[in-house]
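Turn this into a structure:
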Amino acid sequence: MATSPKTVAAPARLARRRDRRKAEIVREAIRLLAANGYQAVSLEQVAEQADIAKATLYHYFSSKDELVSAALDALTAGVMDRLEVVHAATATLSCREQLRALSGEQLDILLGEYPEVGTIFSWQGWWPEVHDEARKSMRRRHDAIFRTVIEAGMANGQFHCEDLGVALQCHHAIMNNVSSWVGQIDDPIAAAHARDATLAAVMRVVVAADLD
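Next up is the predicted model:
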């Protein structure tokens, strides 16, 4: 007996619907983790924000830590995939242009899709050991991209900073705090200006490079 197209398509639609719902749950978990920290987040809160019953949530995630792991994985993929694409695309440019492109991309990520990154991947607050490696791995991957560019710029004289480690910490501190103030600016023109001013500050303060 031949299988009808409708019979074949139904499981695919259900799978897509499940994936969309799962992504929505993860998105709410990310938002709550950034706003309240690990300890203050509960499955009840996530279910309420995702507008589903707590019992339904268990069809997607068996525990809070499984959900948190999915949230960290989603953030890591969402951020690092974009930064690594920019890093590869700018490989033939000067170190100054690379750093400007990477920092601009991170600003757009923090002010757009993932304003929670700076909060969740900072060291503040208590997190259980089960999530330590995921957070450390994200930080290592992120640090390595910017470290490579700044180190090369220091070696060829494009950047001038006393200490690579300090330069990286200053860069990350500026970036991690940007969404907490630029993200609160309602005027799009003022927000765009603040974004560009932040990028200029990163270049000038962190590595003593001009944008022009």
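
what stretches of the protein score poorly on pLDDT?
In the prediction, the chain carries residues with pLDDT under 70 at positions 1-10, 122-125, 209-212.

rerun at 80
1-12, 14, 40, 118-126, 176, 179-184, 208-212 (pLDDT under 80).

Determine the longest helix present in it.
Longest helix in the chain by number of residues (criterion: DSSP state H): helix 5-36.

so what secondary structure elements neighbour that one?
helix 43-50, helix 64-89, helix 117-120 (3 or more CB pairs under 8 Å, 6 or more residues apart in numbering; DSSP states H and E). The way it works is simple: take the backbone N, C-alpha and C, and place the C-beta from them, glycine included.

Would you mind listing the buried residues in stretch 141-157?
142, 145-147, 149-150, 153-154 (16 or more other CB atoms under 10 Å).

now swap in stretch 109-120 and tell me
109-111, 114-120.

that older thread, Cys161 is nearest to which of the helices and strands packed on helix 5-36?
helix 64-89 (19.8 Å; CB to CB).

Report the distance from that closest one to the chain centre.
Put simply, helix 64-89 sits 6 Å off its chain's centre (CA atoms, centre = their mean, to the nearest Å).

which parts of that helix are buried?
64, 67-68, 70-72, 74-76, 79-80, 82-83, 86-87.

ditto for stretch 190-201
Those would be 194-195, 198-199, for stretch 190-201 by 16+ other CB under 10 Å.

Next: stretch 199-208.
199, 202-203, 206-207.

related to what we said a few turns ago, which among the buried residues of stretch 109-120 gets closest to Ala34?
Nearest to Ala34 out of the buried residues of stretch 109-120 is Glu116 (CB to CB; 3.2 Å).

Can you say which helix or strand has the closest residue to Gly104 other than its chain neighbours in it?
Nearest in space to Gly104, with sequence neighbours left out and distances taken as CB to CB, 6 or more residues apart in numbering, is Leu199 at 5.6 Å. In this structure, Leu199 sits in helix 188-201 according to DSSP states H and E.

Let me know the next secondary structure element after that helix.
Remark: after helix 188-201, the chain's next helix or strand is helix 207, criterion DSSP H and E.

Tell me how far that following helix lies from the chain's centre.
Counting by CA atoms, centre = their mean, helix 207 comes out at 23 Å from the chain centroid.

go on, stretch 151-168?
24 Å.

what's it in contact with?
The contact list for stretch 151-168 (CB atoms under 8 Å, 6 or more residues apart in numbering) reads 94-96, 99, 143, 146-147, 150, 206-209.
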